[in-house]
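**Student:** The following comprises the amino acid sequence and a computationally predicted model.
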Amino acid sequence: MSEFIYDLIIVGGGIPGLTLACGLRGSGLRVAVIEAQSEQAVGDRPRAYALSPLSAKIFRKIGIWEQIAPAITHFSQVVLSDADYPHQVVFTPADLGEPAVYYCAEHRVLQKSLRHQASIDPHITCYYETQVQTVIYSTQWAEVIVEMGQRQQHLSASLVVAADGVKSRVRQQAGIKTNSRNYWQSCITAFVSPAKSHQNIAHERFWPDGPFAILPLPDNRCQIVWVAPHQDAEAIAALPPDQFIAAMECRYGDHSGSLTLLSEPLIFPARLMHSRRYCQPRLALLGDAAHHCHPVGGQGLNLGIRDAAMLAQVLSTATQQQQDLGDIRVLQRYGRRRRFENWVMLLFTDILNRTFSNRWLPMMVLRRWVLQLMIGWSPLRRLMLHLMTGFWGTRPADQFGQLMHASRTKIVMSQHSHPEPGTLMNPPQSKGGTK
């Protein structure tokens with residue numbers, strides 16, 4: 001049995017986990033990323049995400065924006081509407097003062113760029129097809145026991161970050177409780193190709209049984225995100241392709257012409273979850289391990305990216321000040337800021353879904369009055385867009401770049417004296433990690 005020493009161990013090699021790892025490039029911190037799936041499997045998920053301009057700023061700070069920008073769409077408009085109500089709210093870049101209202105990127109594009117960025121830093125080691133068995137916490141260290149193939153290994157660090165999803169095993173083993181409930185709805189996603197140009201215009205149309213979103217992608221493709229009650233969603237997803245297209249066109253509208261289905265529809269239940277705390281000594285929660293929201297508005301991944309940027313900012317500052325990364329006083333700087341802001345967004349998406357996903361006449365009158373007000377009064381429209389894009393709260397991207405620049409010009413090692421990353425405490429043995 002051998003032991004590897006790191007400053008930070010991230011459990012979960014998805015987009016939030018790798019964003020954190022890349023955000024710490026140049027800090028001098030020795031980072032291990034542990035992912036249960038193979039590198040190919042974790043990178044090939046057939047999903048696309050709406051990215052806020054704040055997420056774009058974070059990706060620019062960590063150095064991947066130039067790689068991903070040609071492979072993503074820059075929304076010229078986001079059109080918000082309520083079922084068959086004829087009046088629509090149109091958000092434009094002018095409402096934010098940004099080059100685009102939103103962006104849309106496929107999972108594989110983001111994952112590939114983040115993985116490449118991590119691979120060129122000698123202080124970051126990624127372990128794929130590696131299962132975390134348990135985590136043991138002490139006053140000085142956290143020890144992560146993993147299974148690599150048929151071998152068991154021990155990895156130690158000052159801090160463990162759980163970025164292993166909504167059913168986080170690390171969170172559960174640590175005894176951190178959550179507040180959660182399942183919605184009455186499920187979400188269907190699929191890729192389609194319209195006959196006419198989508199003109200980089202995104203749509204979010206609310207229907208009484210759930211929202212329907214159209215996210216434009218390169219090569220005149222789109223991802224649809226269709227929310228419906230569980231039984232309806234299961235029946236829709238099981239339809240033959242021609243019947244699925246016919247049902248979808250009733251929601252999609254005729255503004256883009258006929259549709260071609262490019263992928264098999266996927267379905268997953270909508271749920272709300274929020275961890276009661278984001279950190280404890282030697283442990284921090286990140287992304288879906290800390291929170292999970294309704295898919296309306298495309299907030300989920302953006303919250304995780306902002307988590308990663310804020311945690312990287314906190315850890316970089318702690319490193320420069322030679323503080324213990326796993327000290328609860330350090331971690332609470334992250335937890336206090338992000339938990340409140342994420343709670344606001346979870347509440348916002350919950351209210352938004354419940355307000356529009358019903359046929360109660362007084363609510364219909366109220367929400368359409370609000371839509372009409374947003375159309376005619378730009379301050380309210382801009383306020384709503386700032387809330388949706390994350391510009392209303394703490395903006396980790398602002399100080400993030402300054403800290404990264406400082407850490408690259410003057411690397412200050414943490415207070416513990418460690419061997420080189422991956423150094424064995426016992427006789428030499430192959431690391432088993434994939435760089």
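**Tutor:** Sure, I can see it.

**Student:** who's in contact with the residue nearest to the spatial centre of the chain?
**Tutor:** Nearest to the mean C-alpha position of the chain, by CA atoms, centre = their mean, lies residue 301 at 2.1 Å. For residue 301, the contacting residues are 15, 16, 49, 51, 55, 287, by CB atoms under 8 Å, 6 or more residues apart in numbering. In short, each C-beta sits where N, CA and C put it, glycine included.

**Student:** Confirm it sits in a helix?
**Tutor:** Yes - looking at residue 301 with DSSP: H, G, I helix; E, B strand; the rest coil, it is inside a helix.

**Student:** all helices of the stretch 301-435 of the chain, in order?
**Tutor:** Listed in chain order, the helices of the stretch 301-435 of the chain (DSSP state H, counting those that start in this stretch) span residues 328-356, 361-376, 378-389, 396-409.

**Student:** Just tell me which of the ones you listed ends up closest to residue 23.
**Tutor:** Among the helices of the stretch 301-435 of the chain, helix 396-409 comes nearest to residue 23, with 6.9 Å by CB to CB.

**Student:** For that closest one, what does the pLDDT average out to?
**Tutor:** For helix 396-409, mean pLDDT rounds to 51.

**Student:** before we move on, what SS does residue 161 have?
**Tutor:** Quick answer, by three-state DSSP: residue 161 is strand.

**Student:** Check it and give its pLDDT.
**Tutor:** What the model reports for residue 161 is a pLDDT of 98.

**Student:** Count the residues that sit near it.
**Tutor:** If you count neighbours by other CB atoms under 10 Å, residue 161 ends up with 32.

**Student:** need the contact list for it.
**Tutor:** Shown in contact with residue 161 (CB under 8 Å, 6+ apart): 8, 9, 10, 11, 17, 20, 283, 284, 285, 286, 311.

**Student:** switch the cut-off to 10 Å
**Tutor:** 8-12, 16-17, 20-21, 31, 33, 170, 279, 283-287, 289, 307-308, 311, 315, 325, 331, 334 (CB atoms under 10 Å, 6 or more residues apart in numbering).

**Student:** So which of those sit within helices?
**Tutor:** Here DSSP state H is the test, and these give 16, 17, 20, 21, 170, 307, 308, 311, 315, 331, 334 as lying in helices.

**Student:** Show me which of these is closest to residue 260.
**Tutor:** Within these, proximity to residue 260 (CB to CB) peaks at residue 16, which comes in at 32.7 Å.

**Student:** Is the closest one in contact with residue 284, as I believe?
**Tutor:** No - if you go by CB atoms under 10 Å, residue 16 and residue 284 don't touch, sitting 11.7 Å apart.

**Student:** Give me the buried positions along stretch 231-243.
**Tutor:** Residues of stretch 231-243 classed as buried: 232, 233, 236, 237 (neighbour count, 16 or more other CB atoms under 10 Å).

**Student:** What is the nearest of those residues to residue 131?
**Tutor:** The shortest gap between residue 131 and any of these belongs to residue 237, at 30.4 Å (CB to CB).

**Student:** Do you know the pLDDT at that closest one?
**Tutor:** 96.
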